[in-house]
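Undergrad: how would this look folded up:
(one chain, ligands or ions: 1)
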Amino acid sequence: MSAETPKSQFLSEEMELFGGPLYRPDPDADSGDGTIASAAKANEDYSSDLMTFRHEIENCQNCPLGQTRNHFVFGVGNPNADLMLIGEAPGRDEDMQGIPFVGRAGQLLDKILAAINLSREEVFIANVLKCRPPNNRDPLPEEVAQCEPYLRHQIALIKPKLIVALGRVAAKTLLRTEDQLKNMRQKPFTYEGVDLRVTYHPAALLRNSGFKPAAWEDFQQIRDLYNAKRKDAG
Ligand code: URA
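TA: As a prediction, this is how the structure comes out:
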């Protein structure tokens, strides 16, 4: 058994995540946030409009991914979230569970959210594509064309104040650009009239830890912007 207490383990994981001691909430303060079980609960607590929309689209067969998926991955979180995080598409774990970002990348995303004092219950997490592309290949333009209206409608119902595109594929898809991620981060964009920021996909941080300091800068800015927007709204 590890000699580490949960708190020191949290700190060492955080060091590993971002390469240094960071702003963070007290890890002992709330043991329930950000877990997959609590995310699943949030999943059931949709406002009725979002739930109705989910039922309308969850049997979608508008593209061939409908034939190969195990689960349609609608999204998870607060139906009135001020912050929406948008990834690329479900991977294997998400396809098995029907919940976005539950694999290794999702666990890292949970830790990043905790480090900026947020949880899955407070934000809404979705993907550009609702079904898993075989072998996790990039979404095809025709798949995006079929699926993006679903994302637009989710945004219209949730009405977030800030959207974060996670990774190059989500950013290039939403912003219709071929620009590199490093040129897009820390710049103001909008999508569907909502402020949007771009940062690294958690899977990219797992592959290349050299991106973590920049990602941490991005998430601190995202946190500040989110807090300012919430304050603005009174
Ligand atoms: N990667 C994504 O972009 N979305 C997920 O839901 C999981 C991994």
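
Undergrad: Would you mind measuring from the closest residue to the ligand within the chain to residue 223?
TA: At 2.8 Å from the ligand, residue 87 is the closest residue in the chain, using CB to the nearest ligand atom. Backbone N, C-alpha and C define where each C-beta goes, glycine included. Distance of residue 87 to residue 223, given as CB to CB, to the nearest Å: 19 Å.

Undergrad: Looking at these two, which one has more neighbours?
TA: residue 87 (28 against 17; other CB atoms under 10 Å).

Undergrad: Just to check, the more buried one is in contact with residue 201?
TA: Yes: look at residue 87 against residue 201 with CB atoms under 8 Å: they come within range, at 6.8 Å.

Undergrad: Residues that sit against both of these two, list them.
TA: Shared contacts of residue 87 and residue 201 (CB atoms under 8 Å, 6 or more residues apart in numbering): 166, 167, 170.

Undergrad: Tell me how many other residues crowd the last one.
TA: The local packing count at residue 170 equals 28, with neighbours defined by other CB under 10 Å.

Undergrad: For it, list the residues it contacts.
TA: Residue 170 neighbours (CB under 8 Å, 6+ apart): 86, 87, 88, 127, 128, 201.

Undergrad: Now with 6 Å, please.
TA: Contact analysis of residue 170 by CB atoms under 6 Å, 6 or more residues apart in numbering lists 86, 87, 88, 128.

Undergrad: The third one and residue 169 touch, don't they?
TA: This points to residue 88. Yes: between residue 88 and residue 169 there is a contact at 4.3 Å, judged by CB atoms under 6 Å.

Undergrad: okay, those two: which has more neighbours?
TA: Taking other CB under 10 Å, residue 88 and residue 169 do not tie; residue 88 has more neighbours (24 against 20).

Undergrad: which secondary structure element contains the most centrally placed residue in the chain?
TA: With distances taken as CA atoms, centre = their mean, residue 85 lies nearest the centre of the chain, 3.7 Å away. Using DSSP states H and E, residue 85 sits in strand 83-87.
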